[in-house]
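In: Pasted the sequence and its predicted model underneath.
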Amino acid sequence: MSLDSPVLEIDPLLDDPKTRIIVCCGSGGVGKTTTAAALGVRAAERGRTAVVLTIDPARRLAQSMGLTELDNTPREVAGIDRSAGGSLHAMMLDMKRTFDEVVVQHSDPERARAILDNPFYQSLSAGFAGTQEYMAMEKLGQLRAQDAWDLIIVDTPPSRSALDFLDAPKRLGSFLDGRFIKLLMAPAKVGGRAGVKFLNIGMSMMTGTLSKVMGASLLRDVQTFVAAMDTMFGGFRTRADATYRLLQAPGTAFLVVAAPERDALREASYFVERLASEDMPLAGLVLNRVHGSGADRLTAERALAAAEALEDADAPDDPADAPSAGGENLDGGGIVDHPAGKAVAGGSEGARDTRDSAARGRTEGGQDQDRAERLTAGLLRLHAERMQVVARERRTRDRFVSVHPEVPMVDVTALPGDVHDLDGLRAIGLRLGGDASAAA
């Protein structure tokens, strides 16, 4: 018997106008991107003006929504039923472009050009550790500030880095408050020849060492970048802190997405505990790709036993009972001399033909029955395998529920194939909404 958990009701969450942000987090390969897209489609067709932001490097979201490409600009998804008044846009985070937009927006044109052309900035914005997570917070803050959508759905990166954006403000603060950055910023703050003198005296030993490690050119690029970014650092920290508080606000809901597998639910447990420690509002757990059976009253053990019984019955009989391969005049009806001198079994040629036809009918009927029994045995074994999978998934699910009995949960049954269009996303949405007929 499976342990019960509170039911996660997705539709009331989507319909509530107070719900402004939904963040989907979870490990990789559990259908998180598909879940976010399905939530967006269902919310839009229930009347919400929604936008889905994905920072997953796999571009399945564009394919499933019929978009040829996703970029840093929200694009409207065609084919959405707008009879309820809703709409859906989708976009993929472009980390470098978002960083460029922040620089242009928060600095004058001359300073912006100096930053954008700086080689160190180009490397930083293209793939520096932690930049993606911070820029995701920047983009989320931008979307929320635009107020063009009443629901923002965020699809996060896979694995534990999915929650790294929660650490972005702290990491940014540590970076800006670090001694190395303060030393690099000091000459610009002093200014003029005094700054050059300070740099020559106070940093001579350090710059000599760093020049050997980093190269003199790279060190100059870093110093130029820090000097140009000096006036923007405070704005970075302020906006990151504001977005962090937005994630803690009542209008935000976190959905942890997992599959009924041991590793995925272990990661889900980590997410649940981490969100609780950060005072983030957890809505519940979406358990994806759950297997079931319409004949679950037939256990795996009984199905295997029935299959073995059919296979045993299909085994060859005693050789003594097998049909004889004797001569033409050996028959159950005796041996009879034909008028032409040929021995005929059964007394006449017509009688023999009748008996041969009946024997062939019995043989063909037996072969049909054998094939049916073999097919039935194979189906029973497939059912047994499915029931074993169902039992394993229930045990894994029960272990999670025993540790987190307070977490609401919705089971999403597995589809027979991959989701690649809006109809597939609608089918997932029905399952998320708890539609029993969709799960059948």
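Out: Sure thing, it's come through.
In: which regions of the stretch 251-400 of the chain sit below the pLDDT cut-off?
Out: 314-366 (pLDDT under 70).
In: how about the strands in it?
Out: Applying DSSP state E, counting those that start in this stretch to the stretch 251-400 of the chain gives strands spanning 252-258, 282-290, 335-337, 343-345.
In: can you redo those strands as TSV with distance to residue 409?
Out: Bear in mind the C-beta positions are built from the backbone N, C-alpha and C, glycine included. As requested, these are exported to TSV (distance: least, CB to CB, whole Å):
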stretch	distance to residue 409
strand 252-258	9
strand 282-290	5
strand 335-337	79
strand 343-345	74
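In: I'd like the ones you listed as TSV, with mean neighbour count and distance to residue 384 appended.
Out: Below are the strands of the stretch 251-400 of the chain laid out as TSV (neighbours: other CB atoms under 10 Å; distance: least, CB to CB, whole Å):
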stretch	mean neighbour count	distance to residue 384
strand 252-258	25	26
strand 282-290	23	19
strand 335-337	13	53
strand 343-345	18	49
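In: Select, out of the ones you listed, the one closest to residue 9.
Out: Closest of the strands of the stretch 251-400 of the chain to residue 9 is strand 282-290, at 8.6 Å (criterion: CB to CB).
In: Quick one: closest of the strands of the stretch 251-400 of the chain to residue 108.
Out: Judging the strands of the stretch 251-400 of the chain by CB to CB, what sits closest to residue 108 is strand 252-258, at 34.0 Å.
In: Just list what the closest one packs against, helices and strands only.
Out: Strand 252-258 makes packing contacts with strand 21-25, helix 32-45, helix 262-277, strand 282-290 when contacts are defined by 3 or more CB pairs under 8 Å, 6 or more residues apart in numbering; DSSP states H and E.
In: Kindly provide the whole-number mean pLDDT of the first one.
Out: Looking at strand 21-25 alone, the average pLDDT works out to 94.
In: strands paired with that strand, and their directions?
Out: Strand 21-25 has these partner strands in its sheet, going by DSSP bridges: strand 151-155 (parallel), strand 252-258 (parallel).
In: Columns distance to residue 102 on top of these, output as JSON lines?
Out: Converted to JSON lines, the strands paired with strand 21-25 look like this (distance: least, CB to CB, whole Å):
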{"stretch": "strand 151-155", "distance to residue 102": "18"}
{"stretch": "strand 252-258", "distance to residue 102": "22"}
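In: nearest to residue 232, of the ones you listed?
Out: Closest among the strands paired with strand 21-25, using CB to CB: strand 151-155, at 24.4 Å.
In: what ranges do the helices span in the stretch 201-350 of the chain?
Out: Along the stretch 201-350 of the chain, counting by DSSP state H, counting those that start in this stretch, helices occupy 204-214, 216-248, 262-277, 300-313, 349-403.
In: tell me the mean pLDDT over the second one?
Out: The reference is to helix 216-248. 74.
In: Number the residues from 24 up from this point.
Out: Yes, from this point I'll number from 24; that puts the last item at helix 239-271.
In: In this structure residue 52 contacts residue 282, no?
Out: Yes - contact criterion CB atoms under 8 Å: residue 52 and residue 282 qualify, at 7.5 Å.
In: Counting neighbours, go ahead and name the busier of those two.
Out: When neighbours are counted by other CB atoms under 10 Å, residue 52 and residue 282 differ, and residue 282 comes out ahead with 25 against 15.
In: tell me the contacts of the more buried one?
Out: With contact taken as CB atoms under 8 Å, 6 or more residues apart in numbering, residue 282 is in contact with 52, 53, 54, 288, 310, 311, 312.
In: ditto for residue 248
Out: By CB under 8 Å, 6+ apart, the residues touching residue 248 are 138, 141, 143, 144, 147.
In: Please, which helix or strand holds the fourth one?
Out: When elements are assigned from DSSP states H and E, residue 144 belongs to helix 142-150.
In: mean confidence score for whatever helix or strand comes next after that helix?
Out: Using DSSP H and E, the helix or strand that follows helix 142-150 in sequence is helix 154-169. For helix 154-169, mean pLDDT rounds to 83.
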